[in-house]
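J.: predicted model follows, preceded by the sequence.
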Amino acid sequence: MNKSDQLSVLFDEWKNAQENEPDSIWNITKSGNNITKKHFRIDGIINEDIFKKEKCKVLFISNEANDDEYSAKTDINPSNIYDYNHYYKTGHDSWKGKMRERTSAIYKVVAGYDINDMSNSNAAVHYAIMDLNKRGGGSDVKGANHIEAYCRYYKDFIVKEINIINPDIVVWLGTKTYDMELHSKYLGAEKFGKKRFFNISGKKVPILRMWHTSYYQGKIESLPGYQNRIIGKLCAKCLEEMNRYNLVN
């Protein structure tokens with residue numbers, strides 16, 4: 001099976017586990033008013049044919065989708081794969097937080113592209129993206145206790161997804177959950193001083209500590225050439241992290 005097929009099998013098992021989650025756990029992991037045990041957002045590799053040719057395979061890990069007031073009302077199985085491909089085809093990011101546009105801009109920095117080498121929408125099919133909490137939640141993770149409980153309970157599924165994707169670099173979107181050490185407490189990440197790495201098939205994979213794409217108050221100078229200051233600051237933060245891991249040539 002290719003990676004997309006492997007992920008599909010994994011997600012079927014994961015959905016079943018969610019639907020049969022004990023109420024004692026559900027009372028801690030649930031978030032929002034419209035999220036149910038059955039709500040599951042599909043994610044993973046946006047375009048496997050392109051991804052497998054990447055010299056540097058990038059995986060974005062985010063906390064959870066803001067689905068409570070959106071897709072959770074109408075669709076129990078929304079798909080990041082569909083949404084990112086739609087952005088690629090149309091060039092229009094309809095999401096309020098512009099996550100598709102911003103992860104694509106950050107990807108170009110990680111992969112070593114110049115700002116004008118490709119459009120952000122064209123970049124959207126070059127990487128993989130996953131949520132820790134597949135059910136989604138609201139616009140604010142607050143204390144993120146429900147995400148920690150979700151990671152604790154579903155850690156084997158999360159680790160398996162990361163291993164199937166097999167990235168070279170992980171961009172962890174959300175400093176709160178990064179600093180909560182969810183990656184090392186539950187997902188097998190190794191600590192080396194202030195740096196964190198996944199060990200995937202003997203390969204040390206850096207885990208970059210990034211602001212979430214919805215964060216716009218970062219006190220950092222925007223990289224030159226970016227008309228959108230939020231994107232410019234996010235990319236500057238990413239470059240700062242890459243320098244911290246000695247990943248910039």
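T.: Structure's in. What do you need?

J.: which helix runs longest in the chain?
T.: helix 145-165 (DSSP state H).

J.: beta partners of the residue nearest the centre of the chain?
T.: Residue closest to the mean C-alpha point of the chain, counted by C-alpha atoms, centre = their mean, is residue 61 at 2.5 Å. Beta bridges link residue 61 to residue 130, residue 172 when assigned by DSSP bridges.

J.: what comes up buried for the longest helix of the chain?
T.: Residues 146-151, 153-155, 157-162, 164-165 are the ones in helix 145-165 that count as buried (16 or more other C-beta atoms under 10 Å). Every residue, glycine included, has its C-beta placed from N, CA and C.

J.: so who does the residue nearest to the centre of the chain touch?
T.: Residues near residue 61 by C-beta atoms under 8 Å, 6 or more residues apart in numbering: 129, 130, 131, 132, 162, 170, 171, 172, 173.

J.: turn these into TSV, including distance to residue 97.
T.: What follows is these, written out as TSV (distance: C-beta to C-beta, whole Å):
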residue	distance to residue 97
129	14
130	17
131	14
132	17
162	23
170	20
171	16
172	17
173	11
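
J.: and which of those residues is nearest residue 72?
T.: The closest of these to residue 72 turns out to be residue 131 (C-beta to C-beta; 13.2 Å).

J.: neighbours of the closest one, just the number please.
T.: 24 (other C-beta atoms under 10 Å).

J.: what does residue 98 give?
T.: 19.

J.: spatially, what comes nearest to it if we skip its sequence neighbours?
T.: In space, and not counting its chain neighbours, residue 98 is closest to residue 213: 7.1 Å by C-beta to C-beta, 6 or more residues apart in numbering.

J.: any idea how far the one you found lies from residue 249?
T.: 25 Å (C-beta to C-beta, to the nearest Å).

J.: and what of residue 146?
T.: Relative to residue 249, and taking C-beta to C-beta, residue 146 is found at 40 Å.

J.: what is the longest helix of the chain packed up against?
T.: helix 3-19, helix 23-29, strand 44-45, strand 58-64, strand 128-133, helix 182-186, strand 195-200 (3 or more C-beta pairs under 8 Å, 6 or more residues apart in numbering; DSSP states H and E).

J.: tell me the first helix or strand C-terminal of the fourth one.
T.: This means strand 58-64. Following strand 58-64 in sequence order, the next helix or strand is helix 80-90 (DSSP states H and E).

J.: okay, that next one in CSV with CA atoms only?
T.: Extracted in CSV, the C-alpha atoms of helix 80-90 (Å, rounded to 0.1, in the frame of the first residue of the first chain):
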residue,chain,number,x,y,z
ASN,A,80,-7.8,18.7,5.0
ILE,A,81,-6.8,16.9,1.9
TYR,A,82,-9.8,18.2,0.0
ASP,A,83,-9.4,21.7,1.6
TYR,A,84,-5.8,22.1,0.8
ASN,A,85,-6.2,20.8,-2.8
HIS,A,86,-9.1,23.3,-3.2
TYR,A,87,-6.8,26.1,-2.1
TYR,A,88,-4.1,24.9,-4.6
LYS,A,89,-6.6,24.9,-7.4
THR,A,90,-8.4,28.2,-6.7
